Structure formats: structure tokens, C-alpha cells
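1. kindly generate the corresponding structure for this input.
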Amino acid sequence: MQTRRRRGVKFFIPVILILQLFFLFPLETKAIEEVPWEDYRPKLEWEMLYPVIYYNEYFYGLLYGRLSDILKEHELNFIIYANEYAEDFQYVAGYTRHFAKWSMGINAYAGSAYLGSMWNPGFYEEQTGLSILGSYHWNNEARMDLRLQWEDFEAKARSSKLEGLAEDGRVFGWEVTLNLDNHDFISQSGTRQYLSLGGGVPLFATDYNYLKLEGDHRSYHPLGERLSLIWSARGGKIWGDYPEHRGFLVGGIQNTSTSALGTLANIGLLGSLADSVLRGYDPDEFTGDGFTTSNLELRGLIYPGSYMDIGGFALSGTLFLDIGQVWRQGEPLTSDPLASWGMGLKFLILRGLLLGVDYAIPFDSEKNEKWHISLGEVF
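-> Predicted coordinates for the structure are as follows:
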């Protein structure tokens, strides 16, 4: 028995020694083989589309490209369009650099741009410009956007509502916008709001000198799993000499804000400002240098039974009240406030596409009822 124990001890002694060497040697090996620190070099992603057409010996081409690193610290985007027959050449090129809190970008562009509501005629401009953009993020809900922009624009086709307003010129502008958005679609709660201050300065051979203030507030209040109340208030004022067709356009559902300074310069970093909703009136029906609008909407989920159960399709119904007023040179455009009420349906398709159909009845008995179609969350 003692002989077996001694053999067992002799067997475990070399095992223990080997285990000690196993734990010690990797530490020494790691210290010897450690590689000096190197800066991270991100890989690049590249996406390009280049359809080319030759017709009757004329050349048509469209080049789209996007270049970015995997961590999205650097982004380069460009679109180039060429039409030899029409002697048309257009481009948009932008670079954005993202830091921990800051994003900085620069955009150059030249070509045609459409401004106005999506479903009715607006106006076209030939634009050439350069913009420098910045955005500071406090968190995922709050940020500040900055913009400097020089632009040369020439009015082309326009709707009858804007006849006599569209003009040609150059503008050098600046803008500071504070944004807060903690809206949650599932719970139908939270707030979306912004405050924007900007204008044009007569520098670099430009034509305008003005100051613009604009703000928007939207609150969402759940009244149960399928019912919510939304109200909004929006207003703005312009002082000084500005391009009148780029003033405040109110009427219908404006899915694109033409009161923002420029359009294509917003690509990549800054989006357009909030939509204008005044149902019961034609798009672009009222133009001026000051406005206020307010909306109250009761929204109920018809299908499915809860926002948590939304899959590829959802349907909701709405009852709404819209009211507003527009001023030009200090005078209201109508003696009574612009107001309407109505009902509508919203279709959510494929979890992302929101299509709205609204039927609005103006309080003004001389106005006819109107149907409105919207794409996206208008407020």
C-alpha cells in the first residue's frame, strides 16, 4: 500500500511541475512576442452604379457612387448625370467626416432641383452651390446642426400659384438648428421639435439680406394600446430682402419644406425641416413672410390589435383639426383664420412605408372639400 502511494506521489510531482510551467511560460512568451501598437486602418466599402445609353449617336450617362469605411467615419457620395443631346450636365458630390460627437461635411452641386409639394406642381430651379455642414450630437435624441451655403439659382418651370414670385439670384446663407426627437412609434409617446435661426448675408456677390426664424413642436400622448392624441404648433417669420418663392408656402400637405435654404445641399447630413400641414386648401395656396399652423389629431389603430403586434401591414384611422394663418409684409392674407376638419386613413406597409389619405372640410363655406395624399409621417 505504501509503495502504491509513493508511486502516486511520484506521478503527480511531474504533473504539478508541468502545470506550473504551463502557466508561467505563456506570460513570458506574450511579453517577448507582443506586437507594437498600430493605428487602426479601416477597410473600405465601395458601391457604384453606371448605366450608359447611346441613342442616335448621343450619349446618356448616370454615375452613382458611395465610398465609406466600415466604421462610417469617412463617407463620400456623388451622383453625376450627363445628357449630350440636351447639353445637360449635373452633379452632386459630398464628403462627411464623423467624430465622437461632431460630424462635418462639405457638398458641391450643380443641376436641376424640384421644390414644392409631392403631388402637385411646384417649381424647378437650376442650382449651383457649395455648402459646409456640421452637426453636434449631445445624445441620440438631441443635436445641433450648422450650415454655411453659397448658391446661384435660376427659376425654371413653376406652378400657377407661384407665378410672379419665382426669381433668379445668388444667396450666401447661414443656419443654426436645434433638434430634439424622443418620439417612440410603438408607444405613441414623446416629443419632436426644432428651432432654426438663419438668413442671407450680401457677401460674395450675392443679392439678399434677411433673417429667418422658424420653430416646430409636436407632442404624442397615448390614450391606450390603440388610441393616441397628437398636437403640433409651428410658426416662422422672415425679416428683410429674401427670394419670395423661398418664403413660407402653406396649404395642403407639404412633404418637402421649401422654406429651408436650398435643397440638394442637405444631402448626407442635414434633412429638410418639418412638413407643413393645412388640409382643406391647395398646396402652395398661401405664400408669405410669416405663418402659424396648429394641428390636433386623434389617431386609432384599426389593425392589428396593438402597436406591438404590427408586422408587414397596419391600418389606422384619424380625426383631425387644422388651423393656421399666413402674413405678408405684416398683413394677414385672409380676414379669418384658415381652418378645416376631417378624417383619414393611414396604411403602414412593409414596416416602413406610410401612406396617408385624408378628406378635409374647410370651415369657410365658400371652399370645397378636398382629398389629400401623403407619404411618410407628416407630423
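2. how far does the helix or strand where Y91 lies sit from the chain's center?
-> In this assignment (DSSP states H and E), Y91 forms part of strand 88-98. Remark: strand 88-98 is offset 17 Å from the chain centroid, using CA atoms, centre = their mean, to the nearest Å.
3. neighbouring contacts of it?
-> Outside of strand 88-98, the residues within contact range by CB atoms under 8 Å, 6 or more residues apart in numbering are 72-83, 103-112, 133, 264, 267-269. Yep, even glycine has a C-beta here, placed from its N, CA and C like the rest.
4. packing partners of the helix or strand just after that strand?
-> Using DSSP H and E, the next helix or strand after strand 88-98 towards the C-terminus is strand 102-115. If contacts are counted by 3 or more CB pairs under 8 Å, 6 or more residues apart in numbering; DSSP states H and E, strand 102-115 sits against strand 88-98, strand 123-137.
5. so which of these is the most surrounded?
-> Highest mean neighbour count among the helices and strands packed on strand 102-115 (mean count of other CB atoms under 10 Å): strand 123-137, with a mean of 19.
6. pLDDT on it, on average?
-> For strand 123-137, the mean pLDDT works out to 85.
7. likewise stretch 360-375?
-> Stretch 360-375 comes out at a mean pLDDT of 92.
8. okay, now the unreliable bits of the stretch 201-350 of the chain?
-> Counting by pLDDT under 70, the stretch 201-350 of the chain contains low-confidence residues at 255-275.
9. switch to 50 and redo it
-> Along the stretch 201-350 of the chain, the parts satisfying pLDDT under 50 run over 256-274.
10. and if you look at the stretch 1-150 of the chain?
-> For the stretch 1-150 of the chain (pLDDT under 50), the answer is 1-32.
11. thinking again about what came up before, buried ones among the contacts of strand 88-98?
-> 75, 77-82, 103-111, 133, 264, 267-269 (16 or more other CB atoms under 10 Å).
12. and the residue nearest to G312 when sequence neighbours are not counted, how far is that from A314?
-> The shortest distance from G312 to any non-neighbouring residue, by CB to CB, 6 or more residues apart in numbering, is to L350 (5.8 Å). According to CB to CB, to the nearest Å, L350 and A314 sit 10 Å apart.
13. neighbour count: the two, which is higher?
-> A314 (18 against 8; other CB atoms under 10 Å).
14. that one pairs with what?
-> Taking DSSP bridges as the rule, A314 bridges to L348.
15. could you do P222 as well?
-> Under DSSP bridges, the beta-bridge partners of P222 are S228.
16. one more: L195?
-> L178, G215.
17. contacting residues for the residue lying closest to G290 once chain neighbours are set aside?
-> Closest residue in space to G290, ignoring its immediate chain neighbours: W327 at 3.9 Å, by CB to CB, 6+ apart. By CB under 8 Å, 6+ apart, the contact list for W327 reads G288, D289, G290, F291, L333.
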